[in-house]
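Asker: Quick check, what structure comes out for this input:
(one chain, ligands or ions: 4)
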Amino acid sequence: MTLRNASNFLGQCFASRRSDYTARALRFTSGYATSSPLKFRDYGQPNSNCYGSGYSKQMTTSCATLSQSIQEDQSPSNMLVDSFGRFHNYLRISLTERCNLRCQYCMPADGVELSQKSQLLTSAEIVRLANLFVSSGVDKIRLTGGEPTLRKDIEEICFQLSSLEGLKTLAMTTNGLVLTKKLPKLKECGLSLLNISLDTLVPAKFEFMTRRQGHERVMESITAAVEHGFNPVKVNCVVMRGINDDEICDFVELTRKREINIRFIEFMPFDGNVWNIKKLVPYTEILDKVKQRFEGVRRLKDHPTDTAKNFSIDGHRGSVSFITSMTEHFCGGCNRLRLLADGNLKVCLFGPSEPEAVQLELLILELLEPESW
Ligand SMILES: Nc1nc2c(ncn2[C@@H]2O[C@H](COP(=O)(O)OP(=O)(O)OP(=O)(O)O)[C@@H](O)[C@H]2O)c(=O)[nH]1
Ligand SMILES: C[S@@+](CC[C@H](N)C(=O)[O-])C[C@H]1O[C@@H](n2cnc3c(N)ncnc32)[C@H](O)[C@@H]1O
Ligand code: SF4
Ligand code: SF4
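Answerer: Numbers count the residues shown, from 1 in each chain. Ligands and ions are numbered 1, 2, ... in the order given. Here you go, the predicted structure:
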């Protein structure tokens, strides 16, 4: 089977329920209904989970909007379109499980259990797999982790990925700790969008939240990213009640003179983090605080696949957004797939734990004859 045929086959797997792969993928997605963060609360409308028996009106509406926008944006044929009509053209690739921070909301103090190096994808494998996805319709790739900048071959990976025909956007989400020096080369190698995570403007609090030092370096990397012309630089800020919710307006103030997009993110539960509903600050509460302090807060038109609700503020060069995974999910417009550092594929962020997920390796073996590699 040629690579092209293989990618067509991959597309068909997504488009129909016929193959075993799709059956497994659908089982994963429907797993969302039981592992969804929404079950923790009755936020949103009843029946608002997107999978399982409650295939809601809200979902149907979002999908209708999504199909319309796909027709306007591009013609995906039937590749990577799931049975809800969602076109999965956005691949997130986790380059490593390792991280140089230990954010309380993300991982335990001791870190996560790491796979053996031999089990992790090499850069050549990442590029081959990405090529397969891109020839099936993926046009946006985001490098993430763990911390993607810890990967020694990050520049080479960026260069190879950005050269893939059909890829429009190569993005990265990083904690910014070791970014500044790498920025010029990364840009040269085709990185086009940058999201940097920063949850506090107070150095001591940074140390508490991340269990590591380095606040100044992250601040520097945001400035450097703006100077290198990344526009907008998105700053991801996970809001936790009693920890950093007193800094919301200080963060918004950063957008007055700089073209950065501050994104307030609702705190989500993951295995091993310290999630507690009392620490969740719903976005409506954050928005109220912003509106009380700043005049002319206006909702912008979002793309149906956006994770964020976007707002401009009169007189500010930058903008403010809210990622409302917990109180108003955006699953109806979901266009994401995840390739994990060990080669597993995850079709939903809240899918089952990695060992149960689809072994991409097996899929590839089904798809490709050895000589295609
Ligand atoms: N529920 C859900 N939340 C997601 C998903 N991807 C990202 N998020 C949320 O969005 C936050 C920011 O993620 P990023 O890595 O910056 O990616 P992104 O939001 O896709 O970035 P853009 O492409 O710039 O919109 C994460 O912390 C999550 O809270 C997803 O697939 N599902
Ligand atoms: C998992 S990190 C990986 C990339 C990189 N290490 C970083 O921190 O930017 C990707 C994004 O997920 C966010 N995140 C991690 N745990 C979260 C949680 N429990 N709730 C909401 N967002 C979370 C981080 O703030 C970051 O913006
Ligand atoms: S959020 Fe990013 S920086 Fe923080 S511990 Fe998780 S992977 Fe590391
Ligand atoms: S938006 Fe996130 S939680 Fe919803 S279906 Fe997509 S990956 Fe899963």
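Asker: give the contact list for the most centrally placed residue in the chain.
Answerer: Among the residues of the chain, Arg92 comes closest to the average C-alpha position under C-alpha atoms, centre = their mean, at 6.3 Å. Counting by C-beta atoms under 8 Å, 6 or more residues apart in numbering, Arg92 makes contact with 141-142, 144, 336-339. All C-beta spots, glycine's among them, are computed from the backbone N, C-alpha and C.
Asker: By neighbour count, which of those wins?
Answerer: For the contacts of Arg92, neighbours were counted using other C-beta atoms under 10 Å, and Ile141 has the most, 25 neighbours in all.
Asker: Just confirm that residue is within a helix.
Answerer: No - counting by DSSP: H, G, I helix; E, B strand; the rest coil, Ile141 is located in no helix; its state is strand.
Asker: mind checking pLDDT for it?
Answerer: According to the predicted model, the pLDDT of Ile141 comes to 98.
Asker: show me what contacts the closest residue to it other than its chain neighbours?
Answerer: Closest residue in space to Ile141, ignoring its immediate chain neighbours: Leu91 at 5.1 Å, by C-beta to C-beta, 6 or more residues apart in numbering. When contacts are counted by C-beta under 8 Å, 6+ apart, Leu91 touches 130, 133, 138, 140-142, 336-339.
Asker: and stretch 321-339, does that touch ligand 4?
Answerer: Yes - using C-beta under 6 Å from any ligand atom, stretch 321-339 reaches ligand 4 at 329-331, 334, 336.
Asker: now the residues you listed as CSV including secondary structure and distance to Asn276?
Answerer: Putting those into CSV (DSSP: H, G, I helix; E, B strand; the rest coil; distance: C-beta to C-beta, whole Å) gives the following:
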residue, secondary structure, distance to Asn276
His329, coil, 19
Phe330, coil, 23
Cys331, helix, 23
Cys334, coil, 26
Arg336, strand, 26
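Asker: tell me, which of the residues you listed make contact with ligand 2?
Answerer: Of the entries in the residues of stretch 321-339 next to ligand 4, not a single one is placed beside ligand 2 under the rule of C-beta under 6 Å from any ligand atom.
Asker: Can you tell me which of those residues is nearest ligand 3?
Answerer: Ranked by distance to ligand 3 (C-beta to the nearest ligand atom), the residues of stretch 321-339 next to ligand 4 are led by Arg336 at 17.1 Å.
Asker: backbone phi and psi for the residue lying closest to that closest one once chain neighbours are set aside, please?
Answerer: Spatially, and ignoring its direct neighbours in sequence, Arg336 is nearest to Tyr90 (5.0 Å; C-beta to C-beta, 6+ apart). Backbone geometry at Tyr90, expressed as degrees, to the nearest 10, gives phi -130, psi 110.
Asker: these two touch, right, Tyr90 and Thr305?
Answerer: Yes - taking C-beta atoms under 8 Å as the contact criterion, Tyr90 and Thr305 are neighbours in contact, 7.1 Å apart.
Asker: pretty sure the residue nearest to Ile141 is in a strand, no?
Answerer: Yes - Leu91 sits within a strand when classified using three-state DSSP.
Asker: For it, give its distance to Arg211.
Answerer: When distance is defined by C-beta to C-beta, to the nearest Å, Leu91 is 30 Å away from Arg211.
Asker: repeat for Thr144
Answerer: When distance is defined by C-beta to C-beta, Thr144 is 20 Å away from Arg211.
Asker: again, but for Lys309
Answerer: Applying C-beta to C-beta to Lys309 and Arg211 gives a distance of 30 Å.
Asker: Compare these two (neighbour count), which wins?
Answerer: It is Lys309, of Lys309 and Arg211, that has more neighbours when counted by other C-beta under 10 Å, with 19 against 15.
Asker: Please verify my assumption that that one contacts Thr284.
Answerer: No - taking contact to mean C-beta under 8 Å, the distance of 10.4 Å between Lys309 and Thr284 leaves them out of contact.
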